[in-house]
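In: What shape does this take:
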Amino acid sequence: MRRARELSLPELQQLVTAIQEILYRDEDEQGMPFWNPERTWEGADVCEELGQLMTHYELVPLDSDTNLPLLKGDIPDDTIGHRI
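Out: I've put the predicted structure just below:
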């Protein structure tokens, strides 16, 4: 499993863009894409897509023996536990 800090800047940018698209990209009746901040999600579908994305970037634990806490050392201490 790669840690987030091991991703290059371009990989991080691609990852965030992909997450934005999963959560907020929608299509109108003609199939034209647009950003929809009010888009409704199907929980299982979103989880599956995010899981595939994590697999693509090798961010999935390889086994259950991965040491916890997962966040320690991956992000600055002042952001741990904060959610937007």
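
In: Check Pro37 and give its pLDDT.
Out: What the model reports as pLDDT for Pro37 is 95.

In: Next, count neighbours for it.
Out: As a burial measure, Pro37 scores 7 neighbours (other Cβ atoms under 10 Å). Bear in mind the C-beta positions are built from the backbone N, C-alpha and C, glycine included.

In: Run a quick check on it versus Tyr24, I expect a contact.
Out: Yes. Counting by Cβ atoms under 8 Å, Pro37 does reach Tyr24; the two are 6.2 Å apart.

In: Now do the same for the residue positioned nearest the centre of the chain: its pLDDT.
Out: Centroid-nearest residue in the chain, with Cα atoms, centre = their mean: Ile19, separated by 5.0 Å. Ile19 is assigned 95 on the pLDDT scale.

In: next one: Leu59
Out: Value listed for Leu59 in the pLDDT field: 90.

In: Next, count neighbours for the closest residue to it other than its chain neighbours.
Out: Counting by Cβ to Cβ, 6 or more residues apart in numbering, Arg2 is the residue found nearest to Leu59 once chain neighbours are left out, at 5.7 Å. Close neighbours of Arg2, defined as other Cβ under 10 Å, add up to 12.

In: Helix, strand, or coil at Arg2?
Out: With DSSP: H, G, I helix; E, B strand; the rest coil as the basis, Arg2 sits in coil.

In: Pro25 is in contact with Trp35, isn't it?
Out: Just so we're on the same page, residue 25 is Arg rather than Pro. Yes. Counting by Cβ under 8 Å, Arg25 touches Trp35, with 6.7 Å between them.

In: Looking at those two now, which is surrounded by more residues?
Out: Set side by side, Arg25 and Trp35 show more neighbours around Arg25, with 14 against 11, by other Cβ under 10 Å.

In: ok, the more buried one to Met1 distance?
Out: 27 Å (Cβ to Cβ, to the nearest Å).

In: what's the longest helix in this structure?
Out: Criterion DSSP state H: the longest helix present in the chain is helix 9-24.
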